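[1] Provided below are the primary sequence and the corresponding predicted coordinates.
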Amino acid sequence: MERRVVIFLVLSLAVILGYDLLLKQLGLLPPQDVVQEPPTEVTGTRSEDSDSAQPKPAEKASGATTPARPDAPSASSSDHVQPLEQTVTMETDLVRVGLDARGGVISSWELKRHHTAPPEDKPVQLVHQGGKFKGPLSVATSDPTVDKVLREGLYAIETDFTSLDNAHPVGHATLRFQDSASGLKVLKRLTFHYGSYLVDVTVTIEGLDGGYDVLLGTNFGIVEWGDGFIGLIGSASLVDGTVEKETPDNEMERKGAVQWVALQDKYFLSVLMPQGATAALAKKEGEKLVSGGVRMPRTGDPTTTLQLYAGPKEYDTLRSLNVGLEETIDFGWFIFGSWSVVKAVAKPIFYVLRFLNEYTHNYGVTIILLTMGIKLLFVPLQYKSYKSMKQMQMIQPKVAALQEKLKDDRDKLNKELIKLYRDHKVNPVGGCLPMILQMPVFVALFNILYMTIDLRQAPFVGWITDLSVQDPYYVLPIIMGATMVIQQKITPTTMDPTQAKIMLVLPVFMTFLFINFPAGLVLYWLTNNVLTIGQQVLTDRLYANRPFIIEPAK
């Protein structure tokens, strides 16, 4: 009995499918205007003999998309295209973008000129691919029912390009949604530009009561959530002229005039730059997961205008947008805060670094040359520090005698020590002051080498193929630790032998600390140590027969 049922079902299915096919073959079935079974993903490249951004009729059918007219901004357009479950892919010279019809969001954003580390070596993907989060350019409302309709709705996607080039530098993609039950209509229009990561976006909504949010999605622009101690990873925003880089513990709403909202990591970011937004939004979605967006008010105009940037944190590119996005690259970071003096020093050094690299074409060599140049600038201060420490070393026996004699009278001891320093014209902090003056420069250079995308995947020599990651064999950190020991041994000191032995722990600590630092940073510190040792040896030899004379005050 069961066998007969199976045979019956198979024959029935064959009749149902074969009848339609037979009519088509005999020419008895009337032609249809729409494609019945479109592919799930749409990709394509421009035909070599094409002289227009408009795809040919055959390309329309294979791509399952109808070209959007440049003058088609209305969500109530009469030439409505049937929504299809599909992903449409298009590209410029810089990015490859996927648009998902479900929800009308960006499902993929690949950077063609930036790749993951070997052995994968794939284009960097800025859209977070894990979890069921709202995608970039999602529209959300406070009404759960409407929000679900917007999130799960199927959009019709229309494009007038598959790739851009010099001959066709501008392309459009239009996403339309209409809910017959509620009368809700949504249109999202994206304008791409050749040679730019910037996309012009308009969102038109009809049939919605109240305002709505345009979202950046979750972790859009965050490729790697590193645990570095310089800079901040997560959400950032510029509201009323003030930059805020704190990722909230739960939710955050910054009300005011919103210039931009961003999600960022060390090297990449995504940004929404709205017109007329009333609040910047950020929300912690989970461990190392954060979303962002902007809140648009209800106005008489149903259309919202925004700009979207999703790409690398290249300083000149961000600065050219003239909205303060270059502040996301914080060269002034030091001890849990940003310092304007460090930032002011860092920017000229950053320009010098790139200038030198135009000639060396090797950032490792550039780091060595830049460190040498900075070291030469500070030779007078270094000598002043050496001289002060040498003078302190010479009067140390008198200091020790006073400390032993007046160990029970602290006030008198301090007075006698001040008199001793004054009589011999010795500044007790003279050895430290020059180092303090150099600190902003060293910290600024440290920040530049740690944060700039220029060093990402930049090779040096041999086994060091990426200066932005740690030395795989720990050669540079070990050599750096050894140079620190040598430096301590030859530097004049006023410490007793016990204190000097304790200080030998410092090179060990620094070695273990720098093991996980990018190789470019370790190379900088190692070069600085070697130059300091050379300077110390040279100073000792030059003044070996010319001891410092401490003359008593008259």
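    Perfect, I can see it now. Every value quoted in this text rests on a predicted model; they were computed, and no experiment measured them.
[2] use CA for all of it now, contacts and neighbours both
    Noted.
[3] and the pLDDT at Lys390?
    Listed pLDDT for Lys390 reads 76.
[4] repeat for Asp71
    For Asp71, the predicted pLDDT is 43.
[5] residue contacts, the nearest residue to Gly364 once chain neighbours are set aside?
    Of all residues not flanking Gly364 in the chain, Phe460 sits nearest, at 4.9 Å (Cα to Cα, 6 or more residues apart in numbering). With contact set as Cα atoms under 8 Å, 6 or more residues apart in numbering, Phe460 has these partners: Asn362, Tyr363, Gly364, Val365, Asp466, Leu467.
[6] which of those has the most neighbours?
    Leu467 (26 neighbours; other Cα atoms under 10 Å).
[7] confirm it sits in a helix?
    No. Counting by DSSP: H, G, I helix; E, B strand; the rest coil, Leu467 is not part of a helix but coil.
[8] quick one: stretch 307-317 to chain centroid distance?
    9 Å (Cα atoms, centre = their mean, to the nearest Å).
[9] for that stretch, how far is the first residue from the last?
    Taking Cα to Cα, to the nearest Å, stretch 307-317 runs 15 Å from one end to the other.
[10] list of residues touching that stretch?
    Residues contacting stretch 307-317 (Cα under 8 Å, 6+ apart): 111, 126, 197-201, 221, 267-274, 326, 328-329, 452-453.
[11] for the closest residue to Lys185 other than its chain neighbours, grab phi and psi.
    Nearest non-adjacent residue to Lys185, counting by Cα to Cα, 6+ apart: Gln178, 4.5 Å away. Torsion angles at Gln178 (phi, psi; degrees, to the nearest 10) stand at phi -140, psi 130.
[12] Trp339 now?
    phi -110, psi 130.
[13] that one: what's it in contact with?
    Going by Cα under 8 Å, 6+ apart, the list of residues near Trp339 reads Gly332, Trp333.
[14] which of the contacts of Phe460 sit farthest apart?
    Across the contacts of Phe460, no pair lies farther apart than Val365 and Asp466, at 13.3 Å, counting by Cα to Cα.
[15] and stretch 232-248, how far from the chain's centre?
    With Cα atoms, centre = their mean, you get 14 Å for stretch 232-248.
[16] for stretch 377-386, that is, sorry about that
    Counting by Cα atoms, centre = their mean, stretch 377-386 comes out at 37 Å from the chain centroid.
[17] could you do stretch 82-102 as well?
    24 Å.
[18] report the rounded mean pLDDT for it.
    Here stretch 82-102 scores 93 as its mean pLDDT.
[19] what count of nearby residues applies to the residue nearest to Lys185?
    Residues near Gln178, counting by other Cα under 10 Å: 24.
[20] pull out the buried positions in the one helix or strand Leu318 maps to.
    For Leu318, the element it lies in under DSSP states H and E is helix 315-320. Neighbour counts using 16 or more other Cα atoms under 10 Å place Tyr315, Leu318 of helix 315-320 among the buried residues.
[21] report the mean per-residue pLDDT for that helix.
    94.
[22] show me how far that helix is from its chain's centre.
    Per Cα atoms, centre = their mean, the centroid offset for helix 315-320 relative to its chain is 13 Å.
[23] render the CA-only coordinates of the helix or strand following that helix in PDB, please.
    On the C-terminal side of helix 315-320, the nearest following helix or strand under DSSP H and E is helix 340-360. The C-alpha coordinates for helix 340-360 follow below in PDB (Å, rounded to 0.1, in the frame of the first residue of the first chain):
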ATOM      1  CA  SER A 340      46.500  68.100  23.900                       C
ATOM      2  CA  VAL A 341      50.300  68.700  24.300                       C
ATOM      3  CA  VAL A 342      51.000  65.100  23.200                       C
ATOM      4  CA  LYS A 343      48.600  65.500  20.200                       C
ATOM      5  CA  ALA A 344      50.200  68.800  19.200                       C
ATOM      6  CA  VAL A 345      53.600  67.100  19.100                       C
ATOM      7  CA  ALA A 346      52.300  63.900  17.400                       C
ATOM      8  CA  LYS A 347      50.900  65.500  14.300                       C
ATOM      9  CA  PRO A 348      54.200  67.000  13.000                       C
ATOM     10  CA  ILE A 349      56.000  63.700  13.800                       C
ATOM     11  CA  PHE A 350      53.300  61.800  11.900                       C
ATOM     12  CA  TYR A 351      53.800  63.900   8.800                       C
ATOM     13  CA  VAL A 352      57.600  63.500   9.000                       C
ATOM     14  CA  LEU A 353      57.200  59.700   9.400                       C
ATOM     15  CA  ARG A 354      55.200  59.500   6.100                       C
ATOM     16  CA  PHE A 355      57.600  61.900   4.400                       C
ATOM     17  CA  LEU A 356      60.600  59.800   5.200                       C
ATOM     18  CA  ASN A 357      58.700  56.600   4.100                       C
ATOM     19  CA  GLU A 358      58.200  58.100   0.600                       C
ATOM     20  CA  TYR A 359      62.000  57.700   0.200                       C
ATOM     21  CA  THR A 360      62.700  54.500   2.200                       C
END
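[24] got the angle for the helix or strand following helix 340-360 vs helix 340-360?
    Note on helix 340-360: by DSSP H and E, the next helix or strand toward the C-terminus is helix 363-377. Interaxial angle, helix 363-377 versus helix 340-360 (axes from the mean of the first three to the mean of the last three Cα atoms, to 10 degrees): 120 degrees.
[25] packing partners of helix 363-377?
    helix 340-360, helix 519-542 (3 or more Cα pairs under 8 Å, 6 or more residues apart in numbering; DSSP states H and E).
[26] what's the closest of these to Val261?
    Of all those, helix 340-360 comes closest under Cα to Cα, at 22.4 Å.
[27] name the surrounding residues that touch that closest one.
    330-333, 363, 366-367, 370, 440-441, 443-445, 447-448.
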